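*Asks:* here's my sequence, what's the structure:
(chains A and B)
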Amino acid sequence: MCSILGIVNENGKLFSAKYIIEGITLMNERCNGLGGGFAAYGLYPEYKDYYALHILLKDVELKDQVAEMLKDYVNIYKDEEIETRNVERIPQDYTPWRFFVDVPERYTNDADNYIIDLAMKINNTGGALVISSGKNMGVFKAIGYPDEVAKLYKLENYKAYMWLAHGRYPTNTRGWWGGAHPFSILDNSIVHNGEITSYGTNKRFLESYGYKCSYFTDSEVLAYLWDLLVRRHKLPIEVASEVLAPPFWEQIERMPPEKRRIVEALRMTYGPAMVNGPFSIVIANGSGLTGVAGNGTMVGLSDRIKLRPLICARKDETTFMASEESAIKAVCRNPDNVWAPRAGEPTVAMVNGDV
Amino acid sequence: MEMYSSVPEFRVIIDRQACRLCKRCIENCSFGALEWRDNKVKAFDDRCVACQRCVSMCPEDAIALRRTPSAMSAHPIWTENARRDVFTQSRTGAILLASTGNELHERVIFDNLLLDACQVTNPAIDPLREPIELRTYIGRKPRFVELEELDDSLKLKTELSPALRLEIPIMIAQMSYGAISLEAHEALARAAVMRGTTMGSGEGGLHKKLYPYADHIIVQVASGRFGVHPAYLEAGAAVEIKIGQGAKPGIGGHLPGTKITEEISEARMIPVGADAISPAPHHDIYSIEDLAQLVNSLKEATRYKKPVLVKIAAVHNVAAISSGICRAGADAIVIDGFRAGTGATPKVIRDNVGIPIELALASVDQRLREEGIRNETSIIASGTIRNSGDVAKAIALGADAVKIGTAALIALGCTVCKRCYTGKCAWGIATQDPRLRSRLDPVEGAQHVSNLLLAWSIELKEILGAAGINSIESLRGNRDRLRGYGLDHTMLEILGVQPAGS
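*Replies:* Presented below is the predicted three-dimensional model:
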């Protein structure tokens, strides 16, 4: 059991962390204090052309070492410690640091992949973990209940147009800072409730596309799968969702011929990318995707037999996606519309305004 | 009479009081172990192969077979079998022939692998309530799918290679008409149709009676090229090039002229009575680039509409060889482990050459992934798949599907008496004798094989459901769901599997 919550303002208006914290805290019963985290989009408008690397340092002395390593690959525009305060129950295992970097000119046409490779290299050194690497966004996570993690990172000082939150109840690996959600790669962040029974298959599939899994937890593969499908293979969101939670063959046989051809091709090609076992996820994207205009999307999706809950709601220009309706109601008493998406069918909210 | 033939392996015990002298056993014994002498059934134990035909045919249950308790002085190294083999060869000066699979290595690694199941954190799925999917496509898969938007709807831009659609990830192996009877061939083909899978023609061509089932038959092209012609290639669901087989890596085949009947001669396209000799290598394939040429010419000949498979025996360098085969354009690689069965093979080859399928499969899958070409070919594993547990484990190690040979024959009635090479199969399977063949009813046989495949499919769904997986592709290569029990460190490393408890 875990709790997930996403809130997005579709006009790109910034709003305070208060709502996401309140909503996720209401679901504390779904987690056990062994991990909490947030992703926020629209955080760094003044540095929005730079990749913002949020890095957890096992030891603050590692900072210079990481900076040295970064300098070999990218230009560091600015770096600073991410402000934190002491929270009683959270062990000081890591020091969070942020770097704003850009890619040397000769690599700019493949900058995204360049940054991913770099993030995976740093993760492999041990001691330093890149927990987010997108532009104008960042991830904040640690051991603890989500409200404690929010307190730790002084999240009340931040504003964003899109927020994700997660409360963890670890079931397959120990609780540690790196194992908390969201998992993030470039502009993608993901929060996940569930346990992936296809993890081994997904992981080995991703490895053959150059991804390295280093967080010892199944949820990590979701972020990489989404990156592979929507950014690298340029599949529209609905199609990528059909890869993660494909229709059954029986349903496919009833589809119109061209649609059937596509879905068959997807299942044949991306069989190892299918995510099995119970899951509900909310994925945030900070940039325009194939077939989607605008400056970001939030996608909610559950497994194809919906073994985990997912509830969505809308109020004016804001969309909510949560494990429980109560979490939405805690921050939005009278939504215009509340609905439970069907198994395996994505709910997509788009950010159209400037951010 | 010399010592070794006077100590037969089996003893036929006839209950004289129960025997009603109907002679049915004599009629049924194709090995001449029972004769009518002095108004009673006389057993010649040294000819008995324990095929159980007489036992099951006796209306009075008056016959029992016993393994002869050996009175030979025991020796741990010079086992009775070892002594027998030396003796036989000292009298014949010949190669020892054997059937079925490796008898020297009793260990099956599958038995040391344990499957996983869900508890608490994750719901197991009940296959009686929720759909669980076994459909499998064999063939080359693209690395990504490209779509384009036309008139507001999506169109598929990526062209897919031809693929074999299997409703279950279990195929019936290549066994030739000649090695087995037409009735057995037909039964296997019918079963493949019934369960939505395929059977293999073997290297002996295809009898015209089998053509109606050919869209479920993978037609083989082996070193002898017997029975290969355009209509044969055109008829099959796919084409399989046999380089080698697990029971006799590096060894050719020999179907003696006495077995080349009118009908077999027609299917194999060789004269009646002529020996059918399959050379050890294909004489047009002396290296990997020659294989690529054959793969391509078969694709050309079938207008690029059928997948081309390549079958090899699991030998030491199987991973590198498979990489080469994949790059030669094969849509699937069939890897046949060292315990695989056969109708006839030199015993010394059968028992000593090749490596276990589990290790071969794991290393091939890993190698192709490391090279980023795993999607370009399917991997089919064979050589002792004995039950649905073995199927699940092979798939978790990385196989797309498995093939079964011996298990399918046992379903037809084979008792594994290991005398296929004599052509005297009392059950009408590995024989061309019309009298023996008539014992096998292809329709009934097909039902039995189909039942077996159905039973294993149901069990596979139970295994998947317990593991919280509702489609077979999420088990494929999912070594996280396996644990090794009683395996040493090196073996675990090759298998890519964690030890139980970790």
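
*Asks:* can you give me the buried ones in stretch B:377-393?
*Replies:* Using 16 or more other Cβ atoms under 10 Å in any protein chain shown as the test for burial, stretch B:377-393 gives B:377-385, B:388-393. Glycine gets a C-beta too; all of them are placed from N, C-alpha and C.

*Asks:* again, but for stretch A:32-43
*Replies:* A:32-43.

*Asks:* also stretch B:220-236?
*Replies:* B:220-228, B:232-233, B:235-236.

*Asks:* next, format those as TSV and append distance to chain A.
*Replies:* As requested, the buried residues of stretch B:220-236 are exported to TSV (distance: Cβ to the nearest Cβ, whole Å):
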residue	distance to chain A
B:220	25
B:221	26
B:222	29
B:223	32
B:224	34
B:225	32
B:226	33
B:227	32
B:228	29
B:232	27
B:233	24
B:235	24
B:236	21
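
*Asks:* so which of these would you say is closest to residue A:146?
*Replies:* Of all those, residue A:146 sits closest to residue B:236, with 59.7 Å by Cβ to Cβ.

*Asks:* give me the neighbour count for residue B:362.
*Replies:* Look at residue B:362: counted by other Cβ atoms under 10 Å in any protein chain shown, it has 27 neighbours.

*Asks:* now it: how far from chain A?
*Replies:* Between residue B:362 and chain A the computed distance is 12 Å (Cβ to the nearest Cβ, to the nearest Å).

*Asks:* same check, this time on residue B:410
*Replies:* 31 Å.

*Asks:* after the helix or strand harbouring that residue, next one along is what?
*Replies:* Residue B:410 belongs to helix B:406-412 when assigned by DSSP states H and E. Using DSSP H and E, the helix or strand that follows helix B:406-412 in sequence is helix B:434-437.

*Asks:* average pLDDT for stretch A:225-232, rounded please.
*Replies:* For stretch A:225-232, mean pLDDT is 94.

*Asks:* show me what counts as buried in that stretch.
*Replies:* For stretch A:225-232, by 16+ other Cβ under 10 Å, it's A:225-231.

*Asks:* hmm, back to that, which strands and helices sit next to the helix holding residue B:410?
*Replies:* helix B:182-195, helix B:442-466 (3 or more Cβ pairs under 8 Å, 6 or more residues apart in numbering or on different chains; DSSP states H and E).

*Asks:* how many degrees apart are the shortest one and helix B:442-466 in direction?
*Replies:* Here helix B:182-195 runs at an angle of 40 degrees relative to helix B:442-466 (axes from the mean of the first three to the mean of the last three Cα atoms, to 10 degrees).

*Asks:* quick one: pLDDT of the residue in the stretch 1-150 of chain A that chain B sits nearest to?
*Replies:* Proximity of the stretch 1-150 of chain A to chain B (Cβ to the nearest Cβ) peaks at residue A:1, 8.3 Å away. Looking at residue A:1, its pLDDT stands at 75.

*Asks:* right, and it touches residue A:30 too?
*Replies:* Yes: if you go by Cβ atoms under 8 Å, residue A:1 and residue A:30 touch, sitting 4.9 Å apart.
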